[in-house]
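S.K.: sequence first, then the predicted structure:
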Amino acid sequence: MTPTAYLHCLVGIGAREWRRFVQQRSRFFSALVRPLLWLVVFAAGFRAVLGVSIMAPYDTYILYEVYITPGLCCMILLFNGMQGSLSMVYDREMGSMKVLLMSPLPRPFLLLCKVLAIALVSLVQVYAFLGIAWLYGIQPPAMGLLTALPALLLVAMMLGCLGLLLANGIRQLENFAGVMNFVIFPLFFLSSALYPLWKMREAGPWLYWLCAHNPFTQGVELVRFALYRELAAAPLAWCLGLTLVFALLAVLTFDPRRGLWRRPAGA
Amino acid sequence: MNGDTRSLPMLEAIGLGHRYGPRQALEGVDLRLERGVFHALVGPNGAGKSTLIGLITGLLALQRGTLHLDGLSLPAHPRAARRRLGVVFQQPTLDLELSVRQNLLYHAALHGLGRRQARRRCAEELARVGLAERADDRVRRLNGGHRRRLEIARALLHEPRLLVLDEPSVGLDVASRASLNDHVRALCHERGVSVLWTTHLLDEIRHDDPVVMLGGGRVLAQGPSRQLCRRTGSDSLPEAYARLAALEETPA
């Protein structure tokens, strides 16, 4: 297999993900509506309650809407990463995973191509959201939209690999509800997406500890600083490291048999 | 590994054994598939057909025995073996929302084919299965027989040497079944592709087809259909199968 074969494969997996996305307009719509509701309804309502003082990377007092925008971008990545994991469980049950696994290219490569494809499709949604937010009045520096791109891609990869890792542990489609309750909600609410960490410290030391060590917090902070043309070194290191760990674990725990053949009881 | 592999059998399995926990699904299975020949693998549900297919396609890990595909040892060279293998799975695996061509291009990409080559191969295979005019239709709009044909076209895109079909005729009407069967036989003659066709519908098998009969995870008999009938003193393959299965159940 030549290097171009790998490239053709990557492009093919990406193209399929894109076509499926275009065909499921409702998915795009709901991916956009969710963060917009948070922005327009939740944030507007809480604007009065939660004052956000001057803090890096912002150099003035900011509206609460401005504060939560990076977190909402990451929320899109979070939902899509997990939905991607759902689609892999679905693929396994529907058999199209078998088609992927009959490729002569190495399986870790195939799986990571799939995660990357999902990540790239998510980025389109994030920028659509940022576009609408811009019209709504949330206008980060124009260059920031560009510098945020690699940060968003890294966070999408991190969450996608986490999703794949979880998908390996899920036996059936229905368990996705459990993923919502026990993964998505805690990751999102116990992070700096909605409230700055110092506010969490006021609420309690253990809550602060959980939020500070949440991978999602690292992702949100990386994107927040990147959106204002600043590099957050510690979150970057965290995200890089976690992406590698999640990717490695996901590839190692991937078992092609699961879902393809029924396991007898007790096995 | 190097040199001419044409004198080797297309696939050779010796002493395959497989268990799921405490349940022995396959035991002591020997199998030999020749080049350019249509082989039938028959047996009732639970005979071990799907496990055997799983081992050949590499979706199940080899537990006991050896398996060589085109002279390549399967655990040692899984990727090279997958390149020589085309598979039509029992469950449909097409993307219903994508078009016929998009499904094929996706598969071509998975096999590392470049865009131009992929388009050429798609056109060739679609013309072959008579679906050239449906290339831009969504797969959802095709009937069951056409979907199966499309899956065969897809499995052949990367020009494999062995085509494995796991119960391809399930759910098709009599006419579609017959035409699918004829189509696959033509592939053997015209292109020298080896075929392993699993079925429990014995009327799909012809007198001179080499047949492998599986029952209870073992090979009950192997050989040309006509010979199996003669050996068991049966008039037909279903009768021969019933006798062999009964023999197996009788304690020695």
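M.R.: Cool, got the structure. Numbers count the residues shown, from 1 in each chain, chains lettered A, B, ... in the order given.

S.K.: name the element residue 66 belongs to?
M.R.: If you meant another chain, say so; for now it's chain A. helix A:64-94 (DSSP states H and E).

S.K.: actually it's chain B I care about, not the one you picked
M.R.: B:Thr66 is part of strand B:64-69 when elements are defined by DSSP H and E.

S.K.: ok, B:Glu27 next?
M.R.: Residue-wise, B:Glu27 maps onto strand B:23-33 under DSSP H and E.

S.K.: and the next helix or strand past that strand?
M.R.: Along the chain past strand B:23-33, the next helix or strand (assigned with DSSP H and E) turns out to be strand B:38-42.

S.K.: what sits up against that following strand?
M.R.: Counting by CB atoms under 8 Å, 6 or more residues apart in numbering or on different chains, the neighbours of strand B:38-42 from elsewhere in the structure are B:33, B:49, B:52, B:184-185, B:188, B:194-200, B:202, B:204-205, B:209-214, B:225, B:237, B:241. C-beta here means a position set from N, CA and C on the backbone, and glycine is covered the same way.

S.K.: those residues, buried ones only, as a ChimeraX selection?
M.R.: To isolate the buried subset of those in ChimeraX, counting by 16 or more other CB atoms under 10 Å in any protein chain shown, use the following:
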select /B:33,49,52,184,188,194,195,196,197,198,199,200,202,204,205,209,210,211,212,213,214,225,237,241
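
S.K.: buried residues, the helix holding A:Val66. List them.
M.R.: Along helix A:64-94, the positions that meet the burial threshold by neighbour count (16+ other CB under 10 Å) are A:64-92, A:94.

S.K.: burial check on the nearest residue to B:Leu31 once chain neighbours are set aside, number of neighbours?
M.R.: Closest residue to B:Leu31 in three dimensions, ignoring its sequence neighbours and counting by CB to CB, 6 or more residues apart in numbering or on different chains: B:Ala13, at 4.1 Å. For B:Ala13, the count of nearby residues is 23 (other CB atoms under 10 Å in any protein chain shown).

S.K.: let me know whether B:Ala13 touches B:Val29 as I believe.
M.R.: Yes. Checked against CB atoms under 8 Å, the pair B:Ala13 and B:Val29 is within contact range at 6.2 Å.

S.K.: what do the two both touch?
M.R.: Between them, B:Ala13 and B:Val29 share these contacting residues under CB under 8 Å, 6+ apart: B:Gly65.

S.K.: what about B:Glu34, how many residues nearby?
M.R.: A total of 12 residues lie near B:Glu34 under the criterion other CB under 10 Å.

S.K.: any idea of the pLDDT on it?
M.R.: pLDDT recorded at B:Glu34 is 93.

S.K.: so it touches B:Asp209, yeah?
M.R.: No. Assessed by CB under 8 Å, B:Glu34 is found out of contact with B:Asp209, at 11.5 Å.

S.K.: go through chain B and flag its longest helix.
M.R.: The residue-count maximum for a helix in chain B (DSSP state H) belongs to helix B:174-191.

S.K.: helix or strand right after that helix?
M.R.: The C-terminal neighbour of helix B:174-191 among helices and strands, as given by DSSP H and E, is strand B:194-199.

S.K.: what does that next one rub up against?
M.R.: With contact meaning CB under 8 Å, 6+ apart, strand B:194-199 is reached by B:10-11, B:33-42, B:49, B:53, B:56, B:161-169, B:181, B:184-185, B:187-188, B:204-205.

S.K.: could you give the angle of it to helix B:174-191?
M.R.: Angle, strand B:194-199 to helix B:174-191, by axes from the mean of the first three to the mean of the last three CA atoms, to 10 degrees: 160 degrees.

S.K.: which residues touch A:Val115?
M.R.: Taking CB under 8 Å, 6+ apart as the definition, contacts of A:Val115 comprise A:Gly84, A:Met157, A:Gly160, A:Cys161, A:Gly163, A:Leu164, A:Ala247, A:Ala250.

S.K.: how near is the fifth one to B:Leu26?
M.R.: Spelled out, that is A:Gly163. Using CB to CB, to the nearest Å, A:Gly163 is found at 35 Å from B:Leu26.

S.K.: cool, and the fourth one?
M.R.: Distance from A:Cys161 to B:Leu26, counting by CB to CB: 35 Å.

S.K.: how near is B:Gly65 to B:Pro9?
M.R.: Distance, B:Gly65 to B:Pro9, by CB to CB: 15 Å.

S.K.: please apply the same query to A:Trp18.
M.R.: A:Trp18 is 43 Å from B:Pro9, by CB to CB.

S.K.: more neighbours: which of those two?
M.R.: It is B:Pro9, of A:Trp18 and B:Pro9, that has more neighbours when counted by other CB under 10 Å, with 18 against 14.

S.K.: is the more buried one part of a helix or strand, or is it coil?
M.R.: Using DSSP: H, G, I helix; E, B strand; the rest coil, the secondary structure recorded for B:Pro9 is coil.

S.K.: so what's it up against?
M.R.: Taking CB under 8 Å, 6+ apart as the definition of contact, the neighbours of B:Pro9 are B:Arg32, B:Leu33, B:Glu34, B:Arg35, B:His68.

S.K.: now render those as a markdown table, adding distance to B:Leu105.
M.R.: Listed next are these as a markdown table, based on distance: CB to CB, whole Å:
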| residue | distance to B:Leu105 |
| --- | --- |
| B:Arg32 | 35 |
| B:Leu33 | 30 |
| B:Glu34 | 33 |
| B:Arg35 | 29 |
| B:His68 | 32 |
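
S.K.: quick check, nearest of those to chain A?
M.R.: Nearest to chain A among the contacts of B:Pro9: B:His68, at 16.9 Å, using CB to the nearest CB.
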